[in-house]
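>>> Predicted model and sequence below, questions to follow.
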Amino acid sequence: MSKKKIIALAIAAVIIVGLLVYAGITGAAEGSVKCPDCGGTGLIDGETCETCGGESMVTGTLWALLPPIIAIGLALITKEVFSSLFIGIIVGALLYSKFNFLGTISSLTQQGLIDAVSGNAGIFIFLIELGILVALVNKAGGSAAFGKWTAKHIKTKVGALLATFVLGVVIFIDDYFNCLTVGSVMRPVTDSHKISRSKLAYLIDATAAPICMIAPISSWAAAVSSYAEDGKGIKLFISAIPFNFYSLLTLVFIVALSIMGFDYGKMRLHEINAQNGDLFSGEKKESDDEKDVSGKGIVLDLIFPVVVLIVCCILALLYVGGILDGVSFVDAFANTDATVGLPLGGLVALVISIIYFIARKVLSGKDCMEALPKGFTAMVPAIFILTFATALKNMTSLLGAKYFIYNMMLGFPEGLLKILPAVIFLVACVLSFSTGTSWGTFGILIPIVVNMFAEGDPLLIVGMSACLAGAVCGDHCSPISDTTIMASAGAQCEHLNHVSTQLPYALSVAGLSFVMFLVAGFVPVAWICLPIGVVLTVGFLFVMKAISKKKEAKAGAQ
């Protein structure tokens, strides 16, 4: 460990201990705010408010954001995510239990880790199913055959980048599904064109959540619609799509960056390393599954399992949403539960794929069973990080982060409503970054946004878009975000490498989006604002390319 890192850790430790001592002595983390559900009355329709228990106040202070800030800060300093997340969870448990030893252990275990595992059980199963499916495809030689096919048909690096982008756009049903499927399919393609795993992880992450956020038929659309008033959720979601600048401009950014053929920030170094044969920049996370590969593999051995997986997952999501009970297609997606539908579809697809491989005689029954533990092992790091990240989010919720944000937003001056969409975007970014959850962020902010603007006010749509865009942006930037973790797993990329290389790109689009939300606050017309945003994005990239060329010229001269 370098001297600078030791000094940084020592300073961080002193600050953390100092803050905890101050919180313990003063009880600052125990502050209360007015209950948002009952408006501080303690009653809802004459009944005792369940949120505050009739007390009219709920716990909620700025201290609720301390645990994720500590976890993120330590992760960036140490480049080690597991211990950083765990320290953040411990800090949250200490604050929640008011520094009681047994209370800390209890909240850490029960509300933290156990609730995290139980709440994500369906997603864990789906991850394992995907891991097994990938191991089967690799063992059958499907990935190798697909890599050879793409080497003949996708002849340029730009073609490989755009093909990855297109596949990410096509799989719009769910971000987890998108991340792992696109990663599994496109790894052989990007590897053959010497595209770094960090760049692949960025392409996966930057298409997964943004495309789900602008697709009316997706798990994200269903989640967003559930937070609005009955009957208005999906309509509000669709109306907000043209103003969702972060999601839309991210897609423009990817296409333009791929065609222009340059990179900046840390990604540039990783791409240079990849061109020299180091796809991982020294942090290889790939397994050794390819040592025992069938020589009978064909392209269909990859395409068939992926198509079956997509079809089965879509049908399972519709089934869970109640389509067999007479519910419409759109309502079935709005009512579905991805944590149930995805593992159900994944299990059916896995069984069909095993039967297919055995029938094709590329794998024996024994070979298929050997792939089971390999697939599970490949997903252990992602499951581990997701468990800790969710436990940290649980601690943040117990400390009342959403109530603090709610009361802070309601205090915004009415005279500055024109700039409120830009403010909502920033608040959503910070909250999503700190908690690592975009769904939790728009779950907190959507009810606030809906109440801040009159029905029919164009700014309601812009404000809703700002909330959703900020949630996706913060989620992209956060190292504790589940989608970011899934993108790293899909690309088989070192997680912190993905975070550090993606950050400059995400912040660039975030800055452009902030400007556009300022413009939209005064001119809430989509067909005017969106073209301006596209021109600004492309223009920004031309400027960055010129700066990069100047830097290269100076480096060459020296």
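Yep, it's here.
>>> So which residues of this protein form strands?
32-34, 43-44, 47-48, 57-59 (DSSP state E).
>>> looking at those strands, which is buried most?
The highest mean neighbour count among those, using mean count of other Cβ atoms under 10 Å, belongs to strand 57-59: a mean of 19. C-beta: built from backbone N, CA, C; applies to glycine.
>>> Remind me what that strand packs against, helices and strands.
Other helices and strands packing on strand 57-59, by 3 or more Cβ pairs under 8 Å, 6 or more residues apart in numbering; DSSP states H and E, are strand 32-34.
>>> For the strand it packs on, give me every contacting residue.
Identification of contacts with strand 32-34 by Cβ atoms under 8 Å, 6 or more residues apart in numbering yields Gly40, Ser56, Met57, Val58, Thr59, Gly60, Thr61, Gly400, Tyr403, Phe404, Tyr406, Asn407.
>>> what's the neighbour count on the last one?
Spelled out, it's Asn407. A count of nearby residues for Asn407, using other Cβ atoms under 10 Å, gives 17.
>>> So what pairs up with the closest residue to it other than its chain neighbours in the strands?
Spatially, and ignoring its direct neighbours in sequence, Asn407 is nearest to Val33 (4.5 Å; Cβ to Cβ, 6 or more residues apart in numbering). Beta bridges link Val33 to Val58, judged by DSSP bridges.
>>> and of the contacts of strand 32-34, the nearest to Leu318?
Tyr406 (34.4 Å; Cβ to Cβ).
>>> Please verify my assumption that the closest one contacts Ile448.
Yes: in terms of Cβ atoms under 8 Å, Tyr406 counts as a neighbour of Ile448; the distance is 5.7 Å.
>>> from what I can see Leu200 touches Thr190, true?
Yes: counting by Cβ under 8 Å, Thr190 is a contact partner of Leu200 at 4.8 Å.
>>> Could you tell me which residues touch both of the two?
In contact with both Leu200 and Thr190: Thr164, using Cβ under 8 Å, 6+ apart.
>>> Enumerate every residue touching Ala209.
With Cβ under 8 Å, 6+ apart, Ala209 has these contacts: Asp175, Trp220, Ser247, Ser438, Val472, Asp475, His476, Thr483.
>>> er, Ala422 actually
So Ala422 contacts Ala466, Phe514, Phe517, Leu518, Gly521 (Cβ under 8 Å, 6+ apart).
>>> Most neighbours of all those, which one?
Greatest neighbour count in the contacts of Ala422, by other Cβ under 10 Å, goes to Ala466: 34 neighbours.
>>> doesn't Thr441 make contact with it?
No: if you go by Cβ under 8 Å, Ala466 and Thr441 don't touch, sitting 11.7 Å apart.
>>> Between those two, which contacts overlap?
Residues within reach of Ala466 and of Thr441 at once, by Cβ under 8 Å, 6+ apart, are Ala428.
>>> circling back to that earlier point, turn the strands of the chain into JSON lines, columns for mean pLDDT and distance to Val170.
Below are the strands of the chain laid out as JSON lines (pLDDT from 0 to 100; distance: least, Cβ to Cβ, whole Å):
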{"stretch": "strand 32-34", "mean pLDDT": "78", "distance to Val170": "44"}
{"stretch": "strand 43-44", "mean pLDDT": "80", "distance to Val170": "44"}
{"stretch": "strand 47-48", "mean pLDDT": "81", "distance to Val170": "48"}
{"stretch": "strand 57-59", "mean pLDDT": "80", "distance to Val170": "43"}
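>>> The closest residue to Pro68 other than its chain neighbours: what's it in contact with?
Distance criterion Cβ to Cβ, 6+ apart; nearest residue to Pro68, sequence neighbours excluded, is Ser434 at 4.4 Å. Neighbour list for Ser434: Leu65, Pro68, Ile69, Ile72, Thr396, Ala401, Gly474, Ser478 [criterion: Cβ under 8 Å, 6+ apart].
>>> can you tell me how far Ser434 sits from Leu65?
According to Cβ to Cβ, to the nearest Å, Ser434 and Leu65 sit 5 Å apart.
>>> what's the answer for Leu372, then?
41 Å.
>>> With neighbour numbers in mind, choose between the two.
Neighbours per residue (other Cβ under 10 Å) separate Leu372 from Leu65, with Leu65 holding more: 19 against 16.
>>> Give me the pLDDT for the more buried one.
Listed pLDDT for Leu65 reads 82.
>>> I'd like the mean pLDDT over the longest helix seen in the chain, please.
When the chain is parsed with DSSP state H, its longest helix is helix 365-398. The average pLDDT for helix 365-398 rounds to 83.
>>> Check which residues of that helix are buried.
367-368, 371-372, 374-376, 378-379, 381-383, 385-398 (16 or more other Cβ atoms under 10 Å).
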